[in-house]
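Asks: Provided below for reference: sequence and predicted model.
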Amino acid sequence: MKSCTEHLWFNIKKRRDYLNITSQVQDVITKSGVQEGLCLVNAMHITASVYINDDENGLIQDFDDFLEKIAPYDVNGYRHHRTGEDNGDAHLKRQLFGREVVVAITNGKLDFGPWEQIFYAEFDGQRRKRVLVKVIGE
Amino acid sequence: MKSCTEHLWFNIKKRRDYLNITSQVQDVITKSGVQEGLCLVNAMHITASVYINDDENGLIQDFDDFLEKIAPYDVNGYRHHRTGEDNGDAHLKRQLFGREVVVAITNGKLDFGPWEQIFYAEFDGQRRKRVLVKVIGE
Amino acid sequence: MKSCTEHLWFNIKKRRDYLNITSQVQDVITKSGVQEGLCLVNAMHITASVYINDDENGLIQDFDDFLEKIAPYDVNGYRHHRTGEDNGDAHLKRQLFGREVVVAITNGKLDFGPWEQIFYAEFDGQRRKRVLVKVIGE
């Protein structure tokens, strides 16, 4: 069994943003030499998500509108803020969009449908944060 | 390490529907010969989900009601529709119910609790779409 | 390839509660002897979740408030209750928070960011329920 572990670092300028990281994940898979296996891609921070959906600007704005409607930024709205934080909304948004994706590697490539793209979703940015890519297989 | 990759094809007649695919996933595991390992089951399209819950008709209707309430079908309601699509709701429903499940294989079988069943959830049907099943292990 | 399978049993006294199970998962990884691999942690019941977020009491209460607002306990509110159950809300809460996490094992340890903690979220407790931990790797 082969394995490969890489950390991708991001420093998103905005509080919230959505970044297509598909090619960076494929680069790790290629580097690993794994032809058949699984690849885990997860946010290492608890106010960010990794998810798979379409790379279409209107859709990404729809996602952001939805998350802000259902779990709005609100300085006075979360018990978590008694710790001095103001990012309770970001923890909730992350719960809804998920921490991780697990993707199949077939013939050394991401085994994807036509529109699948991997996104890093930042809900509390403006600082350096990491995504873990772990490949296992043969 | 053994691996096995299969695509399951579906052509759901309704716009939205929920299909129990547990036995088809077990068939792929059996075919793979893997006794101990992991099995990834993911929608290859971004307006569908794979999830695990109970196969009870009332519950499935509750799920559908919930998703339609929180992310309703609305021709004029999503920026994504400027592309000519009308399925913004389906992308959101998929985000909430998730893309994939990863399940344990123990002694060649799905290692499941008493009520766990794998579902393909279609949110924008009436055309051919795929689910990927990837098994790795020994 | 090595593998290891353990069931963690819980009997939560309250209807809903959130239990940090990180050290129990690490114990299974240590026992497995796996240095590089993946670890699946999933609820085996369909009214409970496994998720990763911060172990902060205010945040956990925010999560519980959010889930109860969006998918409230309601004896008369779900079609699923025609079966005699009263836990339709718990099935929905579980869908939103997810069934499972897949975590990377690097050098025999959970490869985690600074605040990542694994939680078992019970939405219909007061009885014995299980979590599956499956480790594969080398």
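Replies: Yep, that arrived.
Asks: show me the longest helix that occurs in chain A.
Replies: Looking across chain A with DSSP state H, the single longest helix is helix A:57-70.
Asks: and what about the residue nearest to A:Arg15 when sequence neighbours are not counted, helix, strand or coil?
Replies: Nearest non-adjacent residue to A:Arg15, counting by C-beta to C-beta, 6 or more residues apart in numbering or on different chains: A:Gly125, 5.5 Å away. Every residue, glycine included, has its C-beta placed from N, CA and C. Assigned with DSSP: H, G, I helix; E, B strand; the rest coil, A:Gly125 falls in the coil class.
Asks: A:Gly125: what's it in contact with?
Replies: Counting by C-beta atoms under 8 Å, 6 or more residues apart in numbering or on different chains, A:Gly125 makes contact with A:11-17.
Asks: and the furthest pair within the residues you listed?
Replies: Farthest pair in these (C-beta to C-beta) is A:Asn11 and A:Arg16. Separation: 14.0 Å.
Asks: higher neighbour count, those two?
Replies: Legend: neighbour count by other C-beta atoms under 10 Å in any protein chain shown for A:Asn11 and A:Arg16, higher for A:Arg16 (19 against 10).
Asks: and the residue nearest to the more buried one when sequence neighbours are not counted, how far from A:Arg130?
Replies: Leaving aside its chain neighbours, A:Arg16 sits nearest to A:Phe123 (5.4 Å; criterion: C-beta to C-beta, 6+ apart). Between A:Phe123 and A:Arg130 the distance is 15 Å, computed by C-beta to C-beta, to the nearest Å.
Asks: more neighbours: which of those two?
Replies: Each of A:Phe123 and A:Arg130 has its neighbours counted (other C-beta under 10 Å); A:Phe123 has more, 29 against 17.
Asks: please, where are all the helices along chain A?
Replies: Under DSSP H, chain A gives helices at A:22-32, A:57-70, A:88-97.
Asks: looking at these, spot the one closest to A:Asp111.
Replies: With C-beta to C-beta as the measure, helix A:22-32 is the member of these nearest A:Asp111 (10.4 Å).
Asks: quick one: pLDDT of the residue nearest to the spatial centre of chain A?
Replies: Central residue of chain A (C-alpha atoms, centre = their mean): A:Val50, 1.9 Å from the mean position. Looking at A:Val50, its pLDDT stands at 98.
Asks: quick check: the gap between it and B:His81.
Replies: A:Val50 is 26 Å from B:His81, by C-beta to C-beta.
Asks: got a pLDDT number for the residue nearest to A:Arg16?
Replies: Note for A:Phe123: predicted pLDDT of 98.
Asks: ok, now which ones touch A:Tyr78?
Replies: For A:Tyr78, the contact set (C-beta under 8 Å, 6+ apart) comprises A:88-89, C:58-59, C:62.
Asks: for those, name the two members farthest from one another.
Replies: A:Asp89 and C:Gly58 (13.4 Å).
Asks: so the two - more neighbours on which side?
Replies: The neighbour comparison of A:Asp89 against C:Gly58 (other C-beta under 10 Å) goes to A:Asp89, with 25 against 16.
Asks: so the more buried one touches A:Ala71, yeah?
Replies: Yes. Look at A:Asp89 against A:Ala71 with C-beta atoms under 8 Å: they come within range, at 5.1 Å.
Asks: one step back: where's the residue nearest to A:Arg15 relative to chain C, distance?
Replies: Taking C-beta to the nearest C-beta, to the nearest Å as the measure, A:Gly125 falls 15 Å from chain C.
Asks: quick one: name the residues of chain A near chain B.
Replies: For chain A, the residues in contact with chain B (C-beta under 8 Å from any C-beta of the partner chain) are A:1, A:36-38, A:51-54, A:56-59, A:61-63, A:65-66, A:70, A:96-98, A:101-104, A:106, A:111-116, A:136-138.
Asks: in ChimeraX, select just the buried ones from the residues you listed.
Replies: Applying 16 or more other C-beta atoms under 10 Å in any protein chain shown to those, the buried members can be selected in ChimeraX as follows:
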select /A:1,36,37,38,51,52,53,54,56,58,59,62,63,66,70,96,97,98,101,102,103,104,106,111,112,113,116,136,137
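Asks: which ones, among the residues of chain A next to chain B, also lie beside chain C?
Replies: Among those, the ones lying near chain C by C-beta under 8 Å from any C-beta are A:1, A:38, A:70, A:96, A:98, A:102, A:136.
Asks: count of residues packed around the nearest residue to A:Val103 once chain neighbours are set aside?
Replies: The spatial neighbour of A:Val103 that comes closest, neighbours along the chain excluded (C-beta to C-beta, 6+ apart), is A:Cys39 at 5.0 Å. Residues contacting A:Cys39 under the criterion other C-beta under 10 Å number 26.
Asks: can you name the residues that contact A:Cys39?
Replies: Counting by C-beta under 8 Å, 6+ apart, A:Cys39 has contacts A:25, A:28-29, A:102-105, A:110, A:133-135.
Asks: same deal with A:Val75?
Replies: By C-beta under 8 Å, 6+ apart, the contact set of A:Val75 is A:81, A:86.
Asks: tell me the spacing between it and A:Asp89.
Replies: In terms of C-beta to C-beta, A:Val75 sits 10 Å off from A:Asp89.
Asks: and A:Arg15, by the same measure?
Replies: As judged by C-beta to C-beta, A:Arg15 and A:Asp89 stand 10 Å apart.
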